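Asks: Take a look and give me a structure for this.
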Amino acid sequence: EFYETLARVYFLGPMRARPEKTTVVGQATGHYVGPAGEHMAQLLSDRPGLLTQVNDWCDRLGLGYRVRMLAPVSHDIIISAGDFAVLALEDVRHEPPVLVSPRAVGYGVGQLLPVIAQCLLADHGMVIVEQPEVHLHPRLQAEAADLFIDTVREQRAQLLIETHSEHLVLRTLRRVREGVLDPDDLAILYVDLDEDGAAFVRRLAINRRGDLVDGWPGSFFEERLNEV
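Replies: Residues are numbered from 1 along each chain as shown. Model prediction:
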């Protein structure tokens with residue numbers, strides 16, 4: 001039972017890897033994109049339904065890109081090299097959309113895609129993500145909070161998010177205020193220092209108005225006004 005519980009803990013580290021130029025297909029198993037997202041392309045290629053869900057969230061987040069998995073058209077290539085696919089991005093800000101390489105776009109897109117995929121794949125376990133906001137501008141940092149909230153509300157997983165993004169935290173508090181997220185489903189844990197310099201963790205109380213009862217330990221960014 002302990003092993004099965006640990007097997008449903010999915011960890012994503014603070015820097016996710018960009019997809020390789022080619023991906024071997026037909027071997028995807030389980031529900032884990034890997035600690036650096038290294039198995040994401042294989043899972044998206046082998047599971048068209050997951051690819052559709054990821055692209056739906058790309059649209060909902062306003063990412064500006066959608067994922068396409070491309071397969072070789074030459075039978076000779078398949079015979080000599082085996083089954084493989086290439087992960088490409090469509091820039092949907094153009095009409096018609098423009099096909100581009102993941103290595104030719106902003107680094108933040110590649111950082112967020114594995115997080116989206118893992119939140120959709122989670123099998124009623126726990127998803128741990130370090131710094132989901134890496135290389136994302138403030139609007140997308142806030143939008144990512146809605147992905148996490150949906151994951152919890154749909155009971156796909158429990159989430160443990162390590163973040164320095166006030167934008168992300170402000171969005172979760174806004175959703176509490178709007179009644180989208182129950183305050184009992186949100187715990188904001190702040191790592192602080194006591195007088196002798198030792199670190200400790202304290203939980204910040206939240207009321208149903210989406211306010212921190214004892215205030216925020218630190219300053220807010222300018223986005224606070226928009227979120228309030």
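
Asks: did I read that right, residue 85 in a strand?
Replies: Yes: according to DSSP: H, G, I helix; E, B strand; the rest coil, residue 85 belongs to a strand.

Asks: what's the weakest-modelled helix or strand in the protein?
Replies: Within the chain, judged by mean pLDDT, DSSP states H and E, the helix or strand with the poorest mean is helix 75-81; its value is a mean of 63.

Asks: and the nearest residue to residue 16 once chain neighbours are set aside, how far is that from residue 118?
Replies: Leaving aside its sequence neighbours, residue 16 sits nearest to residue 37 (Cβ to Cβ, 6 or more residues apart in numbering; 4.2 Å). C-beta here means a position set from N, CA and C on the backbone, and glycine is covered the same way. According to Cβ to Cβ, to the nearest Å, residue 37 stands 8 Å off from residue 118.

Asks: Residue 7 too?
Replies: Residue 7 is 14 Å from residue 118, by Cβ to Cβ.

Asks: Look at these two and report which has more neighbours.
Replies: Set residue 7 next to residue 118 and count neighbours by other Cβ atoms under 10 Å: residue 118 wins out with 27 against 13.

Asks: mind listing what the most centrally placed residue in the chain touches?
Replies: By Cα atoms, centre = their mean, the chain has its centre lying nearest to residue 115, at 2.6 Å. Residue 115 sits next to 12, 16, 37, 129, 132, 144, 147 when contact means Cβ atoms under 8 Å, 6 or more residues apart in numbering.

Asks: any residues in contact with both of residue 37 and residue 118?
Replies: Residues touching both residue 37 and residue 118 by Cβ under 8 Å, 6+ apart: residue 12.

Asks: Could you give me the buried positions within stretch 204-215?
Replies: 204, 206, 210, 211 (16 or more other Cβ atoms under 10 Å).

Asks: if we can go back for a sec, adding neighbour count, secondary structure and distance to residue 47, write the contacts of residue 115 out as a markdown table.
Replies: As requested, these are arranged in a markdown table below (neighbours: other Cβ atoms under 10 Å; DSSP: H, G, I helix; E, B strand; the rest coil; distance: Cβ to Cβ, whole Å):
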| residue | neighbour count | secondary structure | distance to residue 47 |
| --- | --- | --- | --- |
| 12 | 24 | strand | 18 |
| 16 | 28 | coil | 19 |
| 37 | 25 | coil | 15 |
| 129 | 23 | strand | 21 |
| 132 | 27 | coil | 22 |
| 144 | 26 | helix | 22 |
| 147 | 18 | helix | 18 |
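
Asks: Show me which of these has the smallest pLDDT value.
Replies: On pLDDT alone, residue 16 ranks lowest of the contacts of residue 115, at 86.

Asks: what sits against that residue?
Replies: Applying Cβ under 8 Å, 6+ apart, the residues near residue 16 are 36, 37, 110, 111, 113, 114, 115, 134.

Asks: tell me which element the fifth one is part of?
Replies: Which is residue 113. helix 107-121 (DSSP states H and E).

Asks: gap between that helix and the chain center?
Replies: From the chain centre to the centre of helix 107-121 is a distance of 4 Å (Cα atoms, centre = their mean, to the nearest Å).

Asks: that older thread, measure the residue nearest to residue 16 to residue 25 for me?
Replies: Applying Cβ to Cβ to residue 37 and residue 25 gives a distance of 17 Å.

Asks: What of residue 51?
Replies: From residue 51 to residue 25 the distance is 12 Å (Cβ to Cβ).
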